[in-house]
Each structure stands twice: as structure tokens, then as C-alpha cells.
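1. For reference, the sequence and a predicted model appear below.
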Amino acid sequence: MHLQLPLFPGYVFVRMVLADRLRVLQVPSVVRIVGFNGHLAALPNAEIEGLKNGLAGGVRAEPHPFLTAGRRVRIKAGPLEGREGILVRRKGSLRVVLSIDLIQRSIVVDVEVADIEPLTRVGRNILPIARTFED
């Protein structure tokens with residue numbers, strides 16, 4: 001038997017126009033729509049599409065606690081190419097924690113060292129740096 005669990009428990013992602021807000025809130029079990037100060041907050045299409053494409057490409061992902069600090073990297077090859085996250089090591093393998101900041105939820109995916117590049121923060125911008133990972 002194969003059991004599938006949601007990557008972001010408690011969240012359903014919908015594409016809607018503002019006029020449909022009431023209809024969405026009338027769906028059983030929907031409590032509220034994510035927003036701040038009374039204004040709806042939309043996730044960038046590229047963020048959701050990037051995750052959908054990666055998962056459709058066979059990437060195995062699982063929920064992970066939300067991280068805000070750590071070594072930032074960019075995935076430079078594979079179905080999640082271009083996504084940025086935080087590098088973690090687990091049982092000798094490299095993994096990248098990919099987060100959706102708006103809802104403060106994350107997933108973790110396995111990666112090969114050749115498929116990632118480190119990033120460094122300069123002021124407000126994050127830039128790639130040309131160096132390799134060292135153990």
C-alpha cells in the first residue's frame with residue numbers, strides 16, 4: 001500500500017479572482033484565506049509552478065520545519081532548477097529545504113552536490129558565489 005500525505009498540511013492552493021472569495025470561504029472546512037491586514041496575499045505563480053513541475057518530474061519531497069537561517073544555495077540542474085533554499089545534511093546526504101515564506105512552510109528534497117551552487121547575501125540581494133562545497 002502506498003500512502004500519500006500533503007506537503008503543506010492544512011493548506012489548499014487555489015487560483016481565483018477576488019470576486020470568488022466568498023465562494024471559496026463557503027467550501028466546507030475552509031477557515032480563511034491567507035492574507036495580512038485584511039488584504040489577500042497571493043503566492044507568485046512561478047513559485048507554485050516551480051514546485052509542481054519539480055514534483056511532476058519525480059522529485060521526492062517531504063514536509064520539513066520552516067527554516068530562516070542556514071547556508072543558502074540554488075539548484076542549478078534537474079526539475080527544480082532555479083529554486084533557492086537552505087542546505088542541510090542528513091545521514092551523509094545533502095538535502096535542500098525549499099520554503100514558501102508567505103505561509104512559513106517548507107519541504108526538503110535530496111540533491112547531488114553537482115546540482116547546487118552556493119549563494120551569498122550582499123545587502124538585500126542574494127548573489128551566486130563561485131566556490132565549491134567542502135566537507
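-> The structure has been received and is ready for your questions.
2. Residues touching stretch 2-9, excluding its own?
-> Residues from elsewhere that reach stretch 2-9 (CB atoms under 8 Å, 6 or more residues apart in numbering): 55, 61-63, 100, 103, 105, 107. Heads up, the C-betas are built off the backbone N, CA and C, glycines and all.
3. That one: end-to-end distance?
-> Using CA to CA, to the nearest Å, one end of stretch 2-9 lies 18 Å from the other.
4. Could you do stretch 97-108 as well?
-> For stretch 97-108, the separation between the terminal residues is 4 Å (CA to CA).
5. what's the average pLDDT for that stretch?
-> The average pLDDT within stretch 97-108 is 90.
6. Just the strands from the protein, written as ranges.
-> Secondary structure of the chain (DSSP state E): strands located at 35-36, 39-40, 61-64, 72-75, 84-90, 93-100, 105-111, 116-122, 125-128.
7. May I ask you to confirm that Arg95 is in contact with Val109?
-> Yes: using CB atoms under 8 Å, Arg95 is in contact with Val109, at 6.4 Å.
8. who has more neighbours, those two?
-> Ranked by neighbour count (other CB atoms under 10 Å), Arg95 and Val109 place Val109 first, with 23 against 20.
9. got the buried residues for stretch 76-93?
-> Residues 78-80, 83-87 are the ones in stretch 76-93 that count as buried (16 or more other CB atoms under 10 Å).
10. and which of these is nearest to Gly70?
-> Ile86 (3.7 Å; CB to CB).
11. ok, now which ones touch that closest one?
-> By CB under 8 Å, 6+ apart, the residues touching Ile86 are 67, 69-73, 96-97, 99.
12. beta partners for it?
-> In this structure, Ile86 bridges to Arg72, Val97 when assessed by DSSP bridges.
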